[in-house]
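**Student:** just coords:
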């Protein structure tokens, strides 16, 4: 009798991210209220962002500039003509009962960004993730639930409208991501880009960067997508990864149990490490979009476009390629150095000042990074300049000081003491003509030990080397000292 073998179905996840990024303007998108974080509730408000009768919005020009620059950095096509639309829905934190956003004619479309992961051997694995669109919109306010961080379980809720009218760009990816790790790296790369541009601080803890995940699963080889589920309430990149990994397993288990996946919005519960249902997902038709009648269409001129393009910095992915291919750094070092623009600029200043790239990378990613983490500082807040770091590295490589000496003096150097002062009177003696008389003097002063050495006790060579180092205050080059002592003892 032949027994049938059950073939286990292999599934793959289809993942896309919708990312809301707050732009770093001083005032709101359609009014002149401050965007400063941490103000007392309902103090950064005005008639426009509150939607009072008779007021008219006016687009903040800086918002358009920042949105276009973000679109260019994401390799998008910038629309010469776009418009704003009203997105209708009711919620207590939305004072107008509609949000001004962009619907069918966004400012940027059809772009991509490159993510880079590192395998177990340290080799970079690169993948392009498509960008469907980038559009401008205003933020809503914020509900504060008393007695609970969710509406369920709270005794009452308060509303703070300070965020109403804060300028956002929403960046929608193609469904090109396949794991929680890829999604987390995509979100991190997006944050690196907007920080490099200076258009956003990307602080997730302040709500400046918020990611919603759309995820479905399907059997490997099937073209048709599964039913999409949205996940909200993720406040860190690790939470994005964990929420996705959990949801993949949940959906696979449901499908294999014969349950139907429904299109819904789910919340990530950090404490329980699980997703839970929040509401059935609306479609775009539920929002009743129509063109915003109080704002004129937007036209980006060729001159504006080229000006903003010319102001773009070299971006993280470009720097990683450059550091690996031209400077010979590992994928890991390149990744750490390009995580923050100020660190990359510090590194580049050091090598422009003559530092060996690998040595500079080691100092920055190890000793200096440890100091920054311990003191909770940024690299712009330390007194050790990149030029002085290059000076230290050059002194080590030319044999003037040892690596151990430099590490011993690092606290002084970080506090602003110059290399000249820190190593005054401590540079290694590397000139044989200076060291040779000292070796002769030590050998002459230890005639008994010399006789024992020449009678076969060769271990005494270490004694003579130690005496020379002691006499020079450990400033003698150990390698040169060893060579000269051996030469003199065997003369």
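**Tutor:** Ah, there it is. Keep in mind the model is a prediction, meaning the values are calculated, not measured.

**Student:** Could you tell me the phi and psi values at residue 267?
**Tutor:** Torsion angles at residue 267 (phi, psi; degrees, to the nearest 10) stand at phi -100, psi 140.

**Student:** Against which helices or strands is the helix or strand containing residue 99 packed?
**Tutor:** Using DSSP states H and E, residue 99 sits within strand 98-101. Contact analysis of strand 98-101 by 3 or more Cβ pairs under 8 Å, 6 or more residues apart in numbering; DSSP states H and E lists strand 85-88, strand 124-138 as its packing neighbours. From N, CA and C alone the C-beta is placed, and that goes for glycine too.

**Student:** mind redoing it with 10 Å?
**Tutor:** strand 85-88, strand 124-138, strand 167-173 (3 or more Cβ pairs under 10 Å, 6 or more residues apart in numbering; DSSP states H and E).

**Student:** Give me the residues contacting it.
**Tutor:** 29-30, 51, 57, 59, 84-91, 135-140, 164-165, 168, 170, 287-290, 292, 294-295 (Cβ atoms under 10 Å, 6 or more residues apart in numbering).

**Student:** Taking these, please make a ChimeraX selection of just the buried ones.
**Tutor:** Buried subset of these, written as a ChimeraX selection, criterion 16 or more other Cβ atoms under 10 Å:
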select :29,30,51,57,59,84,85,86,87,135,136,137,138,139,140,164,165,168,170,287,289,292,295
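
**Student:** related to what we said a few turns ago, possible to save the helices and strands packed on strand 98-101 as TSV with mean pLDDT and distance to residue 21?
**Tutor:** Below are those laid out as TSV (pLDDT from 0 to 100; distance: least, Cβ to Cβ, whole Å):
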stretch	mean pLDDT	distance to residue 21
strand 85-88	96	18
strand 124-138	97	9
strand 167-173	98	5
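
**Student:** closest to residue 41 out of these?
**Tutor:** Among these, the nearest to residue 41 by Cβ to Cβ is strand 124-138 (18.3 Å).

**Student:** what pairs with the closest one, and is each one parallel or antiparallel?
**Tutor:** Partners of strand 124-138 in the sheet, by DSSP bridges, are strand 108-118 (antiparallel), strand 167-173 (antiparallel).

**Student:** Quick one: the strands in the stretch 201-350 of the chain, in order.
**Tutor:** 209-219, 229-234, 264-269, 274-280, 290-291, 298-299 (DSSP state E, counting those that start in this stretch).

**Student:** which stretch among the strands paired with strand 124-138 comes nearest residue 450?
**Tutor:** Nearest to residue 450, of those and by Cβ to Cβ, is strand 108-118 at 56.1 Å.

**Student:** picking up where we left off before, out of the strands of the stretch 201-350 of the chain, which is closest to residue 439?
**Tutor:** Nearest of the strands of the stretch 201-350 of the chain (Cβ to Cβ): strand 209-219, 63.4 Å.

**Student:** So which bits of that closest one are buried?
**Tutor:** So for strand 209-219, counting by 16+ other Cβ under 10 Å, buried means 209-218.

**Student:** With stretch 120-135 instead?
**Tutor:** In stretch 120-135, residues buried by neighbour count (16+ other Cβ under 10 Å) are 124, 127, 129-135.

**Student:** any weak-confidence spans in the stretch 151-300 of the chain?
**Tutor:** 151-153, 281-285 (pLDDT under 70).

**Student:** Using CSV, lay out the buried residues of strand 209-219 together with distance to residue 453.
**Tutor:** Formatted as CSV, those follow (distance: Cβ to Cβ, whole Å):
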residue, distance to residue 453
209, 69
210, 74
211, 71
212, 77
213, 74
214, 78
215, 75
216, 79
217, 76
218, 79
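
**Student:** and these, which two are the farthest apart?
**Tutor:** 209 and 218 (29.1 Å).

**Student:** on that earlier part again, can you put the helices and strands packed on strand 98-101 in a markdown table and add distance to residue 425?
**Tutor:** Formatted as a markdown table, those follow (distance: least, Cβ to Cβ, whole Å):
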| stretch | distance to residue 425 |
| --- | --- |
| strand 85-88 | 71 |
| strand 124-138 | 45 |
| strand 167-173 | 57 |
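
**Student:** For residue 469, which of these is the nearest?
**Tutor:** Proximity to residue 469 (Cβ to Cβ) singles out strand 124-138 among the helices and strands packed on strand 98-101, at 44.2 Å.

**Student:** Out of the buried residues of strand 209-219, which comes closest to residue 394?
**Tutor:** residue 209 (40.0 Å).

**Student:** And the contacts of whatever helix or strand residue 404 lives in?
**Tutor:** Element membership of residue 404 [criterion: DSSP H and E] is helix 403-414. Contact with helix 403-414 is made by 359, 362-363, 366-368, 370-372, 375, 377, 382-385, 388-389, 391-393, 395-397, 401-402, 417-419, 421-423, 426-428, 474-475, as judged by Cβ under 10 Å, 6+ apart.

**Student:** Put the buried members of those into a PyMOL selection.
**Tutor:** Buried residues within those, by 16+ other Cβ under 10 Å, are selected in PyMOL with:
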select buried, resi 359+362+363+368+371+372+382+384+385+388+389+391+392+393+395+396+401+402+417+419+422+423+428+475
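
**Student:** Please identify which of the strands of the stretch 201-350 of the chain is closest to residue 202.
**Tutor:** Of all the strands of the stretch 201-350 of the chain, strand 209-219 comes closest under Cβ to Cβ, at 4.7 Å.

**Student:** how much does the closest one deviate in direction from strand 274-280?
**Tutor:** With axes from the mean of the first three to the mean of the last three Cα atoms, to 10 degrees applied, the angle from strand 209-219 to strand 274-280 works out at 100 degrees.
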